[in-house]
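Novice: Generate a structure from the sequence data that follows.
(one chain, ligands or ions: 3)
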Amino acid sequence: MAENILNTIHSPRDLRRLDESELLQLSQELRKFIINIVATKEGHLGASLGVVELTIALHYVFDTPQDLLIWDVGHQAYGHKILTGRREIFETNRQLHGLSGFPKREESQYDAFGTGHSSTSISAALGMAIASKLQGELEKQHIAVIGDASIASGMAFEGLNHAGVTNANLLVILNDNAIGIDPSVGALKEYLTRAKIGHKPANDNIIEALNFNYFGPVDGHDLPGLISILKKLQQIKGPKFLHVITKKGKGLKKAEEDQIKYHAPGKFEPETGELLPKNQEGLPSKYQDVFGLTLVELAEKNEKIIGITPAMPTGSSLKYMMEAFPERAFDVGIAEQHAVTLAAGMATQGFSVYCAIYSTFLQRAYDQLIHDVALQDLPVIFCLDRAGLVGEDGPTHHGVFDIAYARCIPNLMIAAPRNETELRNLLYTVQEELEHPIMIRYPRGRGVLKEWKLPFEKIAIGKAEKLKNGDQIAVLSIGNMAENASEAIQKLKNPGAVAHYDMRFVKPLDLDMLKHIFSEFDQIVTIEDGVARGGFGSLVLETASELGYSGKISILGVPDTFISQGSVSQLQEIAKIDVEAIRQKLESML
Ligand SMILES: Cc1ncc(C[n+]2csc(CCOP(=O)(O)OP(=O)(O)O)c2C)c(N)n1
Ligand SMILES: CC(=O)[C@@H](O)[C@H](O)COP(=O)(O)O
Ligand SMILES: [Mg+2]
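Specialist: Residues are numbered from 1 along each chain as shown. Ligands and ions are numbered 1, 2, ... in the order given. Coordinates of the predicted model:
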């Protein structure tokens, strides 16, 4: 038997020549390869470890890339990428100019569909299956692998509902490990649990009720068994559903034991799984913790406060309120649309509802934001974490569109605190007498302050703040860009030439302050961690036009292109919103 089989696999064709014992050896080598690389290069770990056998079985049985394979969310597709010709460059995963952390059509013919946001795989695979049928390709297979948390999302049900009335050649594989990033929630989770422990009454099969041919549940780590059932399914036409039971983090004891942490653990010791300690001494707090801990403080005194998260208790830090006030803090699963309208319903009854949702994931609930919240002017508080460039997750996850997509919605206010204390005071201010819905955006990661937990102070809604005097140029920053702007101004040959205003609110914009700025300066630079097209700077430009301002306005923001993955500092440099780019821009104007 070859010393190392994985090194001989350059495409699934090489894999299909292996015998059973070689396939079993390959699964061990692949698992070890994933552990070793993620241990140093970081990334998503648990999900990929959980589908090592399934990945090998799928590429062994099906004729990929002719047969189309879609990985829902795609964070579990490291094995898929390694077996489809990207092993040698996999160490560039999630890095600038490297591989995407998710399947990406332009990256490989084996990546049938780009993913990153959950619950799209069934719709995409069904679309491909119907297209194949229309083109007479009746033998082609279309496979969607979707997790137990992702299949509970509305969009997945929409796909299942449609598929059930087509005789499309579709195989939906439910990868059921009973966990999302945090434990899965909801009635479907309980149904699947019953199915797994054999308590499911024969007639209580939701999937068969949707006209799918249901198979399972089967052991997702039994490679020969998986190959056997997939070969059987390959011969059956029409919509089929295979329920596979796996363990997230399989093969690394620590990852199996702490599946939340090892979803994306950071660097660790590959042999033991021990996390490598990060020296966090004296570092600023993460914005998410400022949100989570402040909300607990407020909820202790205000019984009308409710918290909601769509499947991100740990990522948003709503977990603190879920622990402290479980009756007033809800993880609704991967259900952003439901989360927003649930919040709206609660707001009609006089509750102060803090909906904690990543900027990029709120995109999924855009109609609910307009139709259910803003149109009815319901005072929901959207705590928009991961606003701006987020780094290694790349274009599917950058929260760069929210200012542009929200500022055109009447009634909806938009705030962007420049630091942790400002965020804390905003959260405190909006808990009472909030007349309109508000979106409070803040970035992924750590803030800028050594100490943020100061006594609460009310924030004047819609009021900007002058941070620095200057006599030639006015810099108008929003949110976390205040830090980059301040640093850039200090590096100028003549810092005194540049004034700096933290506008704090996109809507309502501080018109009094803006009129004052228009009257004092004939050069203005706006800076935002968001798209320049239609963002904060565009609003200033529109307002300048309405007010007849004749000065020059320069907008610094994310350009009209998708920004790839990389470190936040690398990406801010690409977007020209980093300190050096701001400095150069200002220097060129002086
Ligand atoms: C629309 C959307 N909301 C939230 C997320 C964040 N997210 C990434 S993976 C994940 C959990 C997925 O769980 P599951 O589908 O069970 O897959 P597993 O990780 O267990 O393999 C979540 C909530 C996302 N990617 N997309
Ligand atoms: C795959 C996915 O969508 C999540 O795991 C996401 O990567 C979490 O992002 P944070 O790491 O910013 O919480
Ligand atoms: Mg799962």
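
Novice: ok, which residues in the stretch 101-250 of the chain are in contact with ligand 2?
Specialist: Residues of the stretch 101-250 of the chain lying near ligand 2 by Cβ under 6 Å from any ligand atom: Ile181. (C-beta placed from N, C-alpha, C; glycine too.)

Novice: Could you count how many residues lie near whatever residue of the stretch 251-400 of the chain ends up closest to ligand 2?
Specialist: In the stretch 251-400 of the chain, no residue comes nearer to ligand 2 than Gly315, which is 3.7 Å away by Cβ to the nearest ligand atom. Using other Cβ atoms under 10 Å, Gly315 has 21 other residues around it.

Novice: Would you check that my belief about it contacting Cys383 is correct?
Specialist: No: Gly315 is beyond contact range of Cys383, at 12.0 Å (criterion: Cβ atoms under 8 Å).

Novice: So, low pLDDT: which residues of the stretch 1-150 of the chain?
Specialist: Counting by pLDDT under 70, the stretch 1-150 of the chain shows low-confidence ranges at 1-2.

Novice: Show me where it has its strands.
Specialist: 68-71, 142-147 (DSSP state E, counting those that start in this stretch).

Novice: For the residue in the stretch 401-550 of the chain positioned nearest to ligand 2, give its distance to Ile308.
Specialist: Closest residue of the stretch 401-550 of the chain to ligand 2, Cβ to the nearest ligand atom: Arg444 (5.0 Å). In this view, Arg444 and Ile308 are 20 Å apart by Cβ to Cβ, to the nearest Å.

Novice: out of the two, which sits in the busier spot?
Specialist: Set Arg444 next to Ile308 and count neighbours by other Cβ under 10 Å: Ile308 wins out with 26 against 23.

Novice: That one falls within a helix, correct?
Specialist: No: judged by DSSP: H, G, I helix; E, B strand; the rest coil, Ile308 forms no part of a helix; its state is strand.

Novice: beta partners of it?
Specialist: With DSSP bridges applied, Ile308 shows beta-bridge pairing to Phe330, Cys355.

Novice: In this structure it contacts Leu342, no?
Specialist: Yes: between Ile308 and Leu342 there is a contact under Cβ under 8 Å: 6.2 Å.

Novice: any common contacting residues for the two?
Specialist: Contact with both Ile308 and Leu342 is made by residues Phe330, Val332, according to Cβ atoms under 8 Å, 6 or more residues apart in numbering.

Novice: what about Met589, how many neighbours?
Specialist: Counted with other Cβ under 10 Å, the neighbours of Met589 add up to 14.

Novice: again, but for Asp402
Specialist: Applying other Cβ under 10 Å, we find 26 residues neighbouring Asp402.

Novice: quick one: low-confidence parts of this structure?
Specialist: Residue ranges of the chain with pLDDT under 70: 1-2, 199-203.

Novice: residues near the spatially closest residue to Gln337 that is not a sequence neighbour, how many?
Specialist: Closest residue to Gln337 apart from its sequence neighbours, by Cβ to Cβ, 6 or more residues apart in numbering: Ala365 at 4.6 Å. Ala365 has 23 neighbours, counted by other Cβ under 10 Å.

Novice: before we move on, what about the one 10 residues further on?
Specialist: Leu375 has 14 neighbours, counted by other Cβ under 10 Å.

Novice: ditto for Arg16
Specialist: Arg16: 14 surrounding residues under other Cβ under 10 Å.

Novice: Quick check: the residue most central in space within the chain vs Cys383, distance?
Specialist: Against the mean C-alpha coordinate of the chain, by Cα atoms, centre = their mean, the closest residue is His397 at 4.6 Å. Distance, His397 to Cys383, using Cβ to Cβ: 17 Å.

Novice: same question, Ala156
Specialist: Separation of Ala156 from Cys383 (Cβ to Cβ): 26 Å.

Novice: neighbour-wise, which of those two wins?
Specialist: Cys383 (30 against 25).

Novice: surely the more buried one meets Gly292?
Specialist: No: at 9.4 Å, Cys383 does not count as touching Gly292 under the criterion of Cβ under 8 Å.

Novice: that older thread, ok, residues contacting the helix or strand harbouring the residue of the stretch 251-400 of the chain closest to ligand 2?
Specialist: Assessed by DSSP states H and E, Gly315 sits inside helix 313-316. Applying Cβ under 8 Å, 6+ apart, the contact partners of helix 313-316 are 181-182, 260, 288, 291-292, 309, 319, 322, 331, 356-358, 383, 385.

Novice: one more time with 6 Å
Specialist: For helix 313-316, the surrounding residues in contact (Cβ atoms under 6 Å, 6 or more residues apart in numbering) are Asp182, Ile260, Gln288, Thr309, Lys319, Met322, Asp331, Ala356, Asp385.

Novice: go on, stretch 565-581?
Specialist: Arg94, Leu96, Leu389, Gly391, Glu392, Gly394, Asn484, Glu487, Ala488, Leu556, Val558, Ile563.

Novice: Just the endpoints, please. Distance across that stretch?
Specialist: One end of stretch 565-581 to the other measures 19 Å (Cα to Cα, to the nearest Å).

Novice: Also stretch 41-49?
Specialist: End-to-end distance for stretch 41-49, by Cα to Cα: 16 Å.

Novice: quick one, domains of the chain?
Specialist: Using automatic domain parsing, the domain parsing of the chain gives 21-263, 287-441, 465-589.

Novice: mind checking how far the first one is from the chain centre?
Specialist: To tie it back to what came earlier, the one meant is domain 21-263. The chain centre lies 19 Å from the centre of domain 21-263; the measure is Cα atoms, centre = their mean, to the nearest Å.

Novice: Number of residues surrounding the residue in the stretch 351-500 of the chain positioned nearest to ligand 3?
Specialist: Here the residue of the stretch 351-500 of the chain nearest ligand 3 is Phe361; by Cβ to the ion that distance is 16.9 Å. Phe361 has 22 neighbouring residues, counting by other Cβ under 10 Å.

Novice: so when I look at it, I'm seeing a helix, right?
Specialist: Yes: Phe361 forms part of a helix when assessed by three-state DSSP.

Novice: do you know how far Met503 is from ligand 1?
Specialist: Distance of Met503 to ligand 1, computed by Cβ to the nearest ligand atom, to the nearest Å: 30 Å.
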